[in-house]
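>>> need a 3D model of the sequence below.
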Amino acid sequence: MRGYEEWRAFSEEFEINAQLMDDTVDVTLPVDPARLGTVHPVSQVMDELAEIFADLGFAVATGPEIEDDWHNFTALNIPESHPARAMHDTFYFPEALAKEGRRFLLRTHTSPVQIRTMMSEQPPIRIIAPGRVYRSDSDATHTPMFHQLEGLVIDRNIHMGHLKWTLETFIKAFFEVDDVTLRFRPSYFPFTEPSAEVDVGCSWEGGTLKIGGEASWLEILGSGMVHPRVIAACGLDPAEWQGFAFGAGIDRLAMLKYGMTDLRAFFDGDVRWLKHYGFSPFAVPTLSGGVGA
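Numbers count the residues shown, from 1 in each chain. So this is what the prediction gives:
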């Protein structure tokens, strides 16, 4: 007759054997591939833009996303009556939080980074300012939060020819095409004079947008020579220093390059969308990485 210890040992061995039978693994089966995350198209495009402009001698500058109305509007020569200052366009913080007569808000563009850079650094200045910005708008091509890239050059004897060459070089590198034609249309921005909207030549082949040629035109960014009042507001002498600035939506650049149709999908967090449009986290962020590389 078995004793207690023998029965306990037998019971434990029985349980172990039963568990081994249930947990049997067929070592001849192929290994399941690891599920890897992907780099968001916006992050990919930011890396591409930084790479392009680094080759052109631009540094990356950053600034706070919570700004005051002086840096966001006044220093940029935006008058009190400008529609951009209205409550329905800008996310303001309560007036009770204002300091020294300046209200706080979520920045509506990355232009305040230009102001802060001009006030803290001595020219010559060559920067790009990528980052999140906020405006009260939402549809297929607008979201309350989106990403913007702005560029600024401040130096002596700067003119529109420098701006044109910079933008042509940037567009050719970003879209990876040599046949690029830009069209500068006179426009108005409070912070530049003269100002110009920039269109790029394109075509529609089989319903697909292709950058290059002159069959059609597509607006891609705004630009101009920095207004003397903006330069003076930053403590520089506009008689000695001149410059140009430009701005483009990073999300829209990604849509144009990689064939996306709805801006809102960028922020939905849909894993299926990210898997399709995302980039390999192990690939070097070059311009030829490709969708789903």
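>>> list the residues that contact M160.
194, 225, 244 (C-beta atoms under 8 Å, 6 or more residues apart in numbering). The way it works is simple: take the backbone N, C-alpha and C, and place the C-beta from them, glycine included.
>>> quick one: it from V153, how far?
With distances taken as C-beta to C-beta, to the nearest Å, M160 is found 12 Å from V153.
>>> and D137, by the same measure?
Separation of D137 from V153 (C-beta to C-beta): 29 Å.
>>> mind telling me what element the nearest residue to L236 once chain neighbours are set aside is part of?
Leaving out its chain neighbours, the residue that sits closest to L236 by C-beta to C-beta, 6 or more residues apart in numbering is M118, at 6.3 Å. Per DSSP states H and E: M118 is located in helix 111-120.
>>> wait, W273 sits on F267?
No - with contact defined as C-beta atoms under 8 Å, W273 does not reach F267; the gap is 10.4 Å.
>>> packing partners of the helix or strand where E197 lies?
Here E197 is covered by strand 192-205, with elements defined by DSSP H and E. Applying 3 or more C-beta pairs under 8 Å, 6 or more residues apart in numbering; DSSP states H and E, one finds that strand 192-205 contacts helix 160-175, strand 182-189, strand 208-211, strand 216-226, strand 242-249.
>>> name the residues of the shortest one that are buried.
Residues of strand 208-211 classed as buried: I211 (neighbour count, 16 or more other C-beta atoms under 10 Å).
>>> could you pull up the mean pLDDT of that strand?
Strand 208-211 carries an average pLDDT of 82.
>>> neighbouring strands of it in the sheet, and parallel or not?
strand 192-205 (antiparallel) (DSSP bridges).
>>> who touches the partner strand?
Contact partners of strand 192-205, identified using C-beta under 8 Å, 6+ apart, comprise 160, 167, 171, 180-189, 209-228, 244-246.
>>> as PDB, could you dump the C-alpha coordinates of that strand?
Only the C-alpha atoms of strand 192-205 are listed here, as PDB (Å, rounded to 0.1, in the frame of the first residue of the first chain):
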ATOM      1  CA  THR A 192       6.300  89.000 -45.900                       C
ATOM      2  CA  GLU A 193       6.600  91.600 -48.600                       C
ATOM      3  CA  PRO A 194       6.500  90.800 -51.400                       C
ATOM      4  CA  SER A 195       4.500  87.600 -50.900                       C
ATOM      5  CA  ALA A 196       3.900  84.700 -53.200                       C
ATOM      6  CA  GLU A 197       1.900  81.500 -53.300                       C
ATOM      7  CA  VAL A 198       3.900  78.700 -54.900                       C
ATOM      8  CA  ASP A 199       2.400  76.300 -57.400                       C
ATOM      9  CA  VAL A 200       4.200  73.200 -58.700                       C
ATOM     10  CA  GLY A 201       3.600  71.800 -62.200                       C
ATOM     11  CA  CYS A 202       1.900  68.400 -62.200                       C
ATOM     12  CA  SER A 203      -0.200  66.100 -64.300                       C
ATOM     13  CA  TRP A 204      -3.000  63.500 -63.800                       C
ATOM     14  CA  GLU A 205      -2.200  60.200 -65.300                       C
END
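>>> related to what we said a few turns ago, only the buried residues of the strand holding E197, if you could.
192, 195-202.
>>> redo the residues you listed as CSV? Include distance to G278 and pLDDT.
Converted to CSV, those look like this (distance: C-beta to C-beta, whole Å; pLDDT from 0 to 100):
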residue, distance to G278, pLDDT
T192, 36, 97
S195, 36, 97
A196, 35, 97
E197, 32, 96
V198, 29, 96
D199, 30, 94
V200, 26, 92
G201, 30, 91
C202, 25, 88
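>>> and those, which is closest to L56?
Distance to L56 across the buried residues of strand 192-205 (C-beta to C-beta) is lowest for V198, with 16.5 Å.
>>> leaving out chain neighbours, which residue sits closest to that closest one?
Take V198 and drop its neighbours on the chain: the residue closest to it by C-beta to C-beta, 6+ apart is L221, 5.0 Å away.
>>> repeat that for T192.
The nearest residue in space to T192 (C-beta to C-beta, 6+ apart) is G224, at 2.7 Å.
>>> so who does that neighbour touch?
Counted by C-beta under 8 Å, 6+ apart, G224 has contacts 163, 187, 189, 191-196, 244-246.
>>> out of these, which comes closest to A34?
Distances from A34 to the contacts of G224, taken as C-beta to C-beta, are shortest for F246 (41.6 Å).
>>> Provide the partner residues of the closest residue to the closest one other than its chain neighbours in its beta bridges.
Once flanking residues are discounted, F246 sits nearest to S223: 3.8 Å by C-beta to C-beta, 6+ apart. Applying DSSP bridges to S223 gives these bridge partners: A196, F246.
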